[in-house]
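Q: Quick one: sequence plus predicted model below, questions after.
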Amino acid sequence: MEVATIRIQKPAISSEPFKVSLSLTPELMELEPDAPIASEHELKLCKTAEGTNLTGIFSTLDNEEQSIEGWITHKMQCLPVYNTQYLKMKEHYLRSAKPPRRVKPLNHIVKNYKPVSSHAHNKDDCKRKDGPKMLSKDNIMDLLFQAFEKHQYYTLKDLQFITKQSVFVLKAILKDIGDYNKDPAHKKMWELKEEYRHY
């Protein structure tokens with residue numbers, strides 16, 4: 001079945017990019033009428049960084065021989081158009097994800113806590129005023145590797161919050177073990193170099 005229509009609109013100025021839109025067909029929308037989805041989408045062209053490997057498209061014939069059909073030279077990001085239909089979809093999924101409130105009877109006495117002279121957040125503020133302790137390069141690298149095991153990309157500000165070290169120290173270490181991304185998808189973010197990755 002036909003699922004969508006792509007429209008390419010020429011820009012008024014030649015230097016501007018083409019406007020590409022994707023519209024889902026009514027037949028596709030009627031398959032699940034109770035689950036609203038956005039029907040209008042905008043396709044934005046992402047610039048590929050220089051030196052990145054190209055992705056090939058292969059097809060398999062009946063005799064299981066593979067043949068190359070072409071190369072992916074540009075990537076496009078699919079974004080829903082911000083309209084009333086999109087807002088209804090977001091409202092529907094937010095309401096379905098939020099559990100309903102229920103009254104829970106208590107069968108025991110609730111313990112009342114005595115007032116505390118110094119709370120935990122006050123102690124943390126005192127520690128921040130004292131300033132971060134300078135760690136060795138090996139300790140900082142251990143903290144960075146532990147952080148990159150959880151996520152692939154980090155901003156310098158996030159790494160500074162994790163390690164509690166100065167920007168100058170972090171930049172000097174990251175230049176040895178990390179790569180600074182200029183790709184629009186992960187712009188101004190750091191990731192580990194290939195020789196340090198295990199994913």
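A: Happy to help now that I have it.
Q: can you pull out the helices in the chain?
A: 26-29, 84-97, 120-130, 137-150, 156-163, 167-177 (DSSP state H).
Q: Which of those helices sits closest to residue 197?
A: Between residue 197 and the helices of the chain, the shortest gap by Cβ to Cβ is with helix 137-150, which sits at 8.3 Å. Just so you know, the C-beta spots here come from the backbone N, C-alpha and C atoms, and that holds for glycine as well.
Q: CA atoms only: put the closest one into PDB for me.
A: Extracted C-alpha coordinates of helix 137-150, given in PDB (Å, rounded to 0.1, in the frame of the first residue of the first chain):
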ATOM      1  CA  LYS A 137      45.900  12.400  35.500                       C
ATOM      2  CA  ASP A 138      45.300   8.600  36.000                       C
ATOM      3  CA  ASN A 139      42.400   9.200  38.400                       C
ATOM      4  CA  ILE A 140      40.800  11.800  36.000                       C
ATOM      5  CA  MET A 141      41.200   9.300  33.100                       C
ATOM      6  CA  ASP A 142      39.500   6.600  35.200                       C
ATOM      7  CA  LEU A 143      36.500   8.900  35.900                       C
ATOM      8  CA  LEU A 144      36.300   9.800  32.200                       C
ATOM      9  CA  PHE A 145      36.400   6.200  31.100                       C
ATOM     10  CA  GLN A 146      33.600   5.300  33.600                       C
ATOM     11  CA  ALA A 147      31.500   8.200  32.300                       C
ATOM     12  CA  PHE A 148      32.000   7.100  28.600                       C
ATOM     13  CA  GLU A 149      30.900   3.600  29.500                       C
ATOM     14  CA  LYS A 150      27.400   5.000  30.300                       C
END
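Q: Determine the angle, from 0 to 180 degrees, between that helix and helix 167-177.
A: 70 degrees (axes from the mean of the first three to the mean of the last three Cα atoms, to 10 degrees).
Q: who's in contact with helix 137-150?
A: 135, 154, 159, 162-163, 165, 169-170, 173-174, 177-178, 191-192, 196 (Cβ atoms under 8 Å, 6 or more residues apart in numbering).
Q: From the residues you listed, pick the one nearest residue 3.
A: So of the contacts of helix 137-150, ranked by how close each gets to residue 3 (Cβ to Cβ), first place is residue 191, at 35.0 Å.
Q: Next, work out how far apart the closest one and residue 165 are.
A: 19 Å (Cβ to Cβ, to the nearest Å).
Q: cool, and residue 13?
A: Taken as Cβ to Cβ, the span from residue 13 to residue 165 is 47 Å.
Q: These two: which is more packed in?
A: residue 165 (20 against 5; other Cβ atoms under 10 Å).
Q: tell me the pLDDT at the more buried one?
A: What the model reports as pLDDT for residue 165 is 84.
Q: my guess is it contacts residue 134, does it?
A: Yes. Counting by Cβ atoms under 8 Å, residue 165 touches residue 134, with 7.4 Å between them.
Q: Name the residues linked to the residue nearest to residue 7 when sequence neighbours are not counted by a beta bridge.
A: Excluding the flanking residues, the one nearest residue 7 by Cβ to Cβ, 6 or more residues apart in numbering is residue 21, at 4.9 Å. Bridge pairing for residue 21 (DSSP bridges) gives the partners residue 7, residue 42.
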